[in-house]
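Chemist: Let me see the structure of the following:
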Amino acid sequence: MRFSIAREVVPFAAPLALVVAAFFVLGWLVPGIVAAVVTVCVVLFFRDPRRATPEDSSLVLAPADGLIVGISQLEEGDYLGGAATRVSIFLRLWDVHMTYAPVAGTVEQVEHRPGRFGNAGFAKASDRNEANSIVVGNHSGRLMFRQIAGMIARRVVCRVGPGDTIARGERIGLIKFGSRVDVFLPPGYELLVRKGQRVRAVTSAIARAPRAVVP
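Modeler: Numbering: from 1, shown residues only. I've put the predicted structure just below:
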């Protein structure tokens, strides 16, 4: 699989690379090897794979790699103004940490919320943990997805802002060292996943829009 490395790796990998170099210069072979392995693992956390987007424009794509840990019905009055289905994807440490756009459209709102760093596997993390909420509008209406920090993930990064036009599968940010992404679907969307299912960002579909979205 072809992939690149996200630029956000630099603040983490650069100091580690200096430590590796120092160990080898000093002749400390074993610590140098251990530090090199750690450096490679950190770099791989920021891998950014190239994946083909499904042609069917009505599909809502998985915005992240991971496990479906929850599907629930709730009221999302702050961003969608009513009932919604929340699909929660939990990212483990070895999953790809990039976040991708689940649909095409125009970014209407981006809101960063400072918060806790609790276990992202719990449903309450969606409301309590540090997060970025991103609302996208298109011909099917409005959809919202949320990047959520966790116990290890301490920073969510969003590369888009209000007024930006995004394509399905476009890289819009990442959660450093994992954690969770929730997608909030308005009524009328056909759910295509179940709890306990693993999904791959961009290539897996989590729902189908009631009308074809803008490609």
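
Chemist: for the chain, which spans come out with low pLDDT?
Modeler: 1-3, 6, 9, 115-128, 150-154, 177-178, 211-215 (pLDDT under 70).

Chemist: per the record, what domains does it have?
Modeler: Segmentation of the chain into domains, based on automatic domain parsing, reads 3-49, 59-208.

Chemist: Ends of the last one, what's the gap?
Modeler: So that's domain 59-208. One end of domain 59-208 sits 5 Å from the other (Cα to Cα, to the nearest Å).

Chemist: And the helices in the protein?
Modeler: Along the chain, counting by DSSP state H, helices occupy 10-25, 29-45, 125-128.

Chemist: Would you mind finding the most buried of those?
Modeler: With neighbours taken as mean count of other Cβ atoms under 10 Å, the helices of the chain reach their highest mean count in helix 125-128, at a mean of 18. Where you see a C-beta, it was placed from the backbone N, CA and C, and this is true even at glycine.

Chemist: quick one on the thing from earlier: and the domains of the chain, which is most packed in?
Modeler: Mean neighbour counts for these (mean count of other Cβ under 10 Å) peak at domain 59-208, with a mean of 19.

Chemist: who touches stretch 11-22?
Modeler: Here stretch 11-22 makes contact (Cβ atoms under 8 Å, 6 or more residues apart in numbering) with 32, 35-36, 38-39, 42-43, 46.

Chemist: could you dump those to a markdown table with distance to F145?
Modeler: Below are these laid out as a markdown table (distance: Cβ to Cβ, whole Å):
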| residue | distance to F145 |
| --- | --- |
| G32 | 42 |
| A35 | 36 |
| A36 | 36 |
| V38 | 32 |
| T39 | 31 |
| V42 | 26 |
| V43 | 26 |
| F46 | 20 |
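
Chemist: what's near enough to touch E8?
Modeler: Applying Cβ under 8 Å, 6+ apart, the residues contacting E8 are 46, 157, 174, 176.

Chemist: Determine which two of the residues you listed are furthest apart.
Modeler: Within the contacts of E8, F46 and V157 form the most distant pair, 10.7 Å apart (Cβ to Cβ).

Chemist: Need the residues touching each of the two.
Modeler: Common neighbours of F46 and V157 (criterion: Cβ under 8 Å, 6+ apart): 8, 174.

Chemist: before we move on, the earlier item: could you export the helices of the chain as TSV, including distance to L93?
Modeler: Below are the helices of the chain laid out as TSV (distance: least, Cβ to Cβ, whole Å):
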stretch	distance to L93
helix 10-25	14
helix 29-45	7
helix 125-128	16
